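1. can't give you the sequence, but here's the structure:
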């Protein structure tokens, strides 16, 4: 930056000679409206059904060495189309919006879209010259001191924002009035604001390519302010097993660009229906379309996973661990149950070397790959971020040639421009070698799964792994009935469900070697329908599944991608019931918080007259022994409604098959 004459200004900080300009944009159904004003600032507001949900809020981009542009015109357009959505919650989704493009001199535009489901805007640069962005102003001015449900970053010190920028984007939610939220800690996205009249606003972003992710900060008022990580100037190898890059100094700008590009969408989803919030598609719709022309090689599926269960298999004549006999047992289990993949998680590569070409002595990787291939099972390899990043092309080429099917990359733990660049580069390079990708230890999807559909899953969720070490102060059951309405709005989640050891709150305790879930057995089954994971882990040990054939059969056959999804019922933080269709077979899952709950499940959307219902429900004693469950089978016809009792921390899971 020393080569730049630093003059901070907004590209939109202007006062036209002919006075302030006003624009209005409505959603196709007319319920949502944004009013945009161009004057000393560019501001926008949002109203829903003629009631304010966002007061005028300024947006700006500060440039280095720029000139204040002049407003020169606007264009309007409308779109109503269907968008193909492979490996998502439905085969295709509706894309219907009204658009306003505001044009400024010096090649800057601001694009607004009004959907029935929300309002979004982004900056667009059409010039050819390089651009350095000092900062972006993002502000949300709410009309009242309403309640927010927000995830704070878990790591770092209060007030020390640099230390908070190194985080894994995992935490439970804090719910309080906006004015009472901690001003000294950053919040990551998505988050939800409850307007207290049944209307909720979910704030998130999409198309986050080569740009830092947005954090929000409370201000002791009904206002949330945006903050961004500055671009790393220097980094050093360190962190977990020396597999991370630690930022030691940052530049005085947040991003650079070589020329024309669009910038991330800022999204405000607005709805008076919790069900609609849980089924919102704006993060996917606002992402850049797929850059992979032929996606026929991309195979979603389930994974027999080793790390959560600590390689603890029983009934074998060898010592289990990171070795070939253990992984052959996982492969045998996967093959016997039609599970598509086995993952080799951390431990197969030599520790502390950050070198994925160094394999530990107890692993013969080619032997395992060939053994798995002979049984119709694919191998996925875990990789630490720095080990993967430093030799990405060679690693992908080498292991693809060996027959590996994909990578799970972990411990990025940042979302500055350098790291979001890495996520896209990893996706592109893996696609080049027909490799699927699971981005663990990273932020929310933010549209990457549409642009590179070989990226099947993302973490950025306080998943089941937390129960290996967390005390009962962590209320995972409550968290489970929040994330379908918040985190999952941005895309799939590497939550890793499927525990066969289940506990009530009073019986739960952390156990790294033999971990358990909070809540009932049927809750774990239901999560395979409620949570979206095109690459979905079976977190428990093969021997535990073998002892539970009825539950294992249900998990093993459930799809991971869907032709249609319907959120039947739900209330954020209390319960949810979701139905998903694959072909002509439907799966339905429901979960509750720690309150026992009776629900009537309306299945009248089923198109055929007669079905076979296989139903897993909480056992009569599931409130005492969480693994207690009951399976019933019967015909379903007539009014197609079922009544289900969910025990505290409970749920239900159903498979519904047409009787032909």
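-> On my side now, so go ahead. Keep in mind that this is a model prediction, so the values were computed, not measured. Numbers count the residues shown, from 1 in each chain.

2. Name the residues that touch the helix or strand encompassing residue 114?
-> Using DSSP states H and E, the secondary-structure element containing residue 114 is strand 108-115. For strand 108-115, contacts defined as CB atoms under 8 Å, 6 or more residues apart in numbering pick out 11-12, 25-28, 32-34, 36, 42, 44, 59, 61, 69, 96-104, 119-126, 262, 282, 285-286. C-beta: built from backbone N, CA, C; applies to glycine.

3. filter these to the buried ones?
-> Among the contacts of strand 108-115, those classed as buried by 16 or more other CB atoms under 10 Å are 11-12, 25, 27, 32-34, 36, 42, 44, 59, 61, 69, 96-100, 102-104, 119-125, 262, 282, 285-286.

4. coming back round to it: quick one: average pLDDT of the strand holding residue 114?
-> On average, the pLDDT along strand 108-115 is 97.

5. Parallel or antiparallel, which strands does that strand pair with?
-> Using DSSP bridges, the strands paired with strand 108-115 are strand 92-104 (antiparallel), strand 118-125 (antiparallel).

6. Neighbours of the closest residue to residue 406 other than its chain neighbours, how many?
-> Of all residues not flanking residue 406 in the chain, residue 436 sits nearest, at 3.5 Å (CB to CB, 6 or more residues apart in numbering). The number of residues packed near residue 436 is 26, by other CB atoms under 10 Å.

7. Model confidence at residue 436, what's the number?
-> pLDDT for residue 436: 98.

8. How about residue 470?
-> At residue 470, the pLDDT value in this model is 98.

9. ok now stretch 177-195, how far from the chain's centre?
-> 19 Å (CA atoms, centre = their mean, to the nearest Å).

10. end to end, how far does it reach?
-> 10 Å (CA to CA, to the nearest Å).

11. again with stretch 201-214
-> 16 Å.

12. ok so, going back, how about the strands paired with strand 108-115, which one is nearest residue 541?
-> Smallest distance to residue 541 across the strands paired with strand 108-115 (CB to CB): 37.3 Å, for strand 92-104.

13. which other residues reach that closest one?
-> The contact list for strand 92-104 (CB under 8 Å, 6+ apart) reads 11-12, 14, 23, 25-28, 36, 38, 42, 69-85, 109-116, 124, 281, 284-285.

14. low-confidence ranges in the stretch 451-600 of the chain?
-> For the stretch 451-600 of the chain, no stretch has pLDDT under 70.

15. just the helices in this structure please.
-> Using DSSP state H, the helices of the chain run over 161-164, 274-278, 282-285, 324-336, 365-374, 385-389, 392-402, 417-432, 448-451, 476-480, 521-530, 542-546, 549-557.

16. Identify the residues contacting the closest residue to residue 640 other than its chain neighbours.
-> In space, and not counting its chain neighbours, residue 640 is closest to residue 603: 4.2 Å by CB to CB, 6+ apart. The contact partners of residue 603, by CB under 8 Å, 6+ apart, come to 568, 579, 586, 588, 636, 640, 641, 642, 656.

17. correct me, but residue 451 touches residue 208?
-> No: the pair residue 451 / residue 208 is not scored as a contact, 10.0 Å apart, by CB atoms under 8 Å.

18. where's residue 257 relative to residue 264, distance?
-> 12 Å (CB to CB, to the nearest Å).

19. quick one: which of these two has more around it?
-> Taking neighbours as other CB under 10 Å, residue 257 and residue 264 compare with residue 264 leading, 24 against 17.

20. who's in contact with the residue lying closest to residue 346 once chain neighbours are set aside?
-> Distance criterion CB to CB, 6+ apart; nearest residue to residue 346, sequence neighbours excluded, is residue 382 at 5.2 Å. Applying CB under 8 Å, 6+ apart to residue 382 gives the contacts 307, 343, 344, 345, 346, 348, 407, 408, 410.

21. In a markdown table, list the residues you listed along with neighbour count, pLDDT and distance to residue 608.
-> What follows is the contacts of residue 382, written out as a markdown table (neighbours: other CB atoms under 10 Å; pLDDT from 0 to 100; distance: CB to CB, whole Å):
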| residue | neighbour count | pLDDT | distance to residue 608 |
| --- | --- | --- | --- |
| 307 | 18 | 98 | 42 |
| 343 | 23 | 98 | 38 |
| 344 | 24 | 98 | 43 |
| 345 | 19 | 98 | 42 |
| 346 | 18 | 98 | 47 |
| 348 | 23 | 98 | 47 |
| 407 | 27 | 99 | 41 |
| 408 | 27 | 98 | 39 |
| 410 | 25 | 98 | 44 |
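
22. For stretch 580-595, measure first residue to last.
-> Start-to-end, stretch 580-595 (CA to CA) is 25 Å.

23. just how off-centre is that stretch within its chain?
-> Centroid separation for stretch 580-595 versus its chain: 19 Å, with CA atoms, centre = their mean.

24. before we move on, the earlier item: in strands, which of the contacts of strand 92-104 fall?
-> Counting by DSSP state E, the part of these found in strands is 23, 25-26, 36, 38, 42, 71-84, 109-115, 124.

25. Sweet, I'm off.
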